[in-house]
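# Next come a sequence and a model predicted from it.
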Amino acid sequence: MPSSTPRSGTDPTGGWRRFREEHAWQIREFFFTLHLLRRNPSAVAGFVIICSMVFLALAAPWVAPYDPIRISLSERLSPPSWHHLFGTDELGRDLFSRVLYGARISLRIGLLVVGIAGGLGTILGAVAGYVGGKTDDVIMRCLDIVLSFPSLVLAMALAAALGPSLRNAILAVAFVMIPKFARLVRGEALAVRERPFIAAAKVSGASHTWIVFHHVIPNCLSSVIVLGTLVVGETILIASSLSFIGLGAQPPTPEWGAMISVGRKFLMDQWWYATFPGLFILVTVIGFNIFGDALRDVLDPRIRR
């Protein structure tokens, strides 16, 4: 009869135990960070706002009372009421439903841009800072050219060149954000490459690629996370601006900037049309910004002593 005792090396708890032992310091730092965040009112407020927006975005198919693109001309430009909490637009579409679905689009844009720009910018910055020399000069001079243009203006130019669409707007904004991450990570990499464990890795025969991805980048992640949180808010603003001028999401996509663009024509009499999408942009950006600022303060080494 086979034994029910797990064979050596197959203990299901062994991998978790070994992980805890190898990353004990990181686990302690993670829980200490959570403790500091709970004690920071700004962090709590920002986190609540972000979670609320994420919940509304995820629950939009169940919370929204109407199809966001359903047209009902008999109810066009109706003021806020029990049937339409945020009123309706010029085609009779429910604005509450469109704003909720707009949260899905705006948050998706923010996360995609941070993922693309953060990933590429982190790699470029780590390589530039670790390798140095001509490689550093070439990478950083190219990024300085991008930084010499205002973010919104460059994003508008790229989106116009690529063509008006949500995908092209995401690519344009991501390209503009890459230098922000690269410059930050380069500064961190310049300090990390002088630490003893980098020299030890070189002596042990580790390749430069292995050192960059296993030592340099992991030691820069806390700063990247903070910047990523702040960039989400900026990305939502820029993406909404592109949609506002017709270079982002196209009708009938329920995007906040596009709704404000049409709603401004009716602002004097139908104030609700542009007001509610604008309020959601305002609250969302404030939430990400104050949480990012609080996270940056919490991760400051002087506070963690």
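Nice, thanks for sending it over.
# how about low-confidence regions in the stretch 1-150 of the chain?
For the stretch 1-150 of the chain, applying pLDDT under 70 flags the ranges 1-27, 29-30.
# try 80 this time
Scanning the stretch 1-150 of the chain for pLDDT under 80 picks out 1-37.
# burial measure for residue 292, as a count.
Applying other CB atoms under 10 Å, we find 24 residues neighbouring residue 292. C-betas here are computed from N, CA, C, even on glycine.
# sec struct for it, please.
Of the three states, residue 292 takes helix according to DSSP: H, G, I helix; E, B strand; the rest coil.
# would you list every one of the helices in the stretch 201-305 of the chain?
Listed in chain order, the helices of the stretch 201-305 of the chain (DSSP state H, counting those that start in this stretch) span 208-211, 221-244, 256-263, 272-298, 301-304.
# With mean pLDDT and distance to residue 148 added, can I get those helices in a markdown table?
Formatted as a markdown table, the helices of the stretch 201-305 of the chain follow (pLDDT from 0 to 100; distance: least, CB to CB, whole Å):
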| stretch | mean pLDDT | distance to residue 148 |
| --- | --- | --- |
| helix 208-211 | 88 | 30 |
| helix 221-244 | 93 | 17 |
| helix 256-263 | 94 | 26 |
| helix 272-298 | 93 | 25 |
| helix 301-304 | 56 | 32 |
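# how far is the lengthiest helix in the chain from where the chain is centred?
Taking DSSP state H as the criterion, the chain has its longest helix at helix 95-131. Centroid displacement of helix 95-131 relative to its chain, using CA atoms, centre = their mean, to the nearest Å, is 4 Å.
# ditto for stretch 243-250
Counting by CA atoms, centre = their mean, stretch 243-250 comes out at 20 Å from the chain centroid.
# helix/strand/coil for the residue lying closest to residue 38 once chain neighbours are set aside?
Computed as CB to CB, 6 or more residues apart in numbering, the closest residue to residue 38 that is not its neighbour in sequence is residue 44, at 6.8 Å. Going by three-state DSSP, the secondary structure assigned to residue 44 is helix.
# Would you agree residue 44 is in contact with residue 50?
No: applying CB atoms under 8 Å as the test, residue 44 and residue 50 come out as separate, 10.9 Å apart.
# ok, residues contacting the strand or helix carrying residue 153?
Assigned by DSSP states H and E, residue 153 belongs to helix 151-162. For helix 151-162, the surrounding residues in contact (CB atoms under 8 Å, 6 or more residues apart in numbering) are 146, 149, 168-169, 171-173, 175-177, 234, 238, 241-242, 245, 247-248.
# So which of residue 44 and residue 50 has more stuff around it?
Neighbours per residue, other CB under 10 Å: of residue 44 and residue 50, the larger number sits with residue 50, 20 against 15.
# Tell me if I'm right that that one and residue 289 touch.
No: using CB under 8 Å, residue 50 is not in contact with residue 289; the gap is 10.5 Å.
# Drop anything exposed from the contacts of helix 151-162.
When the contacts of helix 151-162 are checked for burial by 16 or more other CB atoms under 10 Å, the buried set is 146, 168-169, 171-173, 175-177, 234, 238, 241-242, 247-248.
# Closest to residue 60 out of those?
Comparing the buried ones among the contacts of helix 151-162 against residue 60 with CB to CB places residue 248 closest, at 19.2 Å.
# Report the contact partners of that closest one.
159, 164, 165, 166, 169, 239, 240, 242, 255, 257, 258.
# Okay, the closest residue to the second one other than its chain neighbours and residue 166: tell me how far apart.
What sits nearest to residue 164 in space, not counting adjacent residues and going by CB to CB, 6+ apart, is residue 247, at 4.9 Å. Plainly put, residue 247 is 10 Å away from residue 166 if you go by CB to CB, to the nearest Å.
# that older thread, compare the contacts of residue 248 and tell me which is most surrounded.
When neighbours are counted by other CB under 10 Å, residue 239 leads the contacts of residue 248 with 31 neighbours.
# Pull the number of nearby residues for the closest residue to it other than its chain neighbours.
Counting by CB to CB, 6+ apart, residue 239 lies nearest to residue 109, which is 4.7 Å off, once chain neighbours are set aside. If you count neighbours by other CB under 10 Å, residue 109 ends up with 26.
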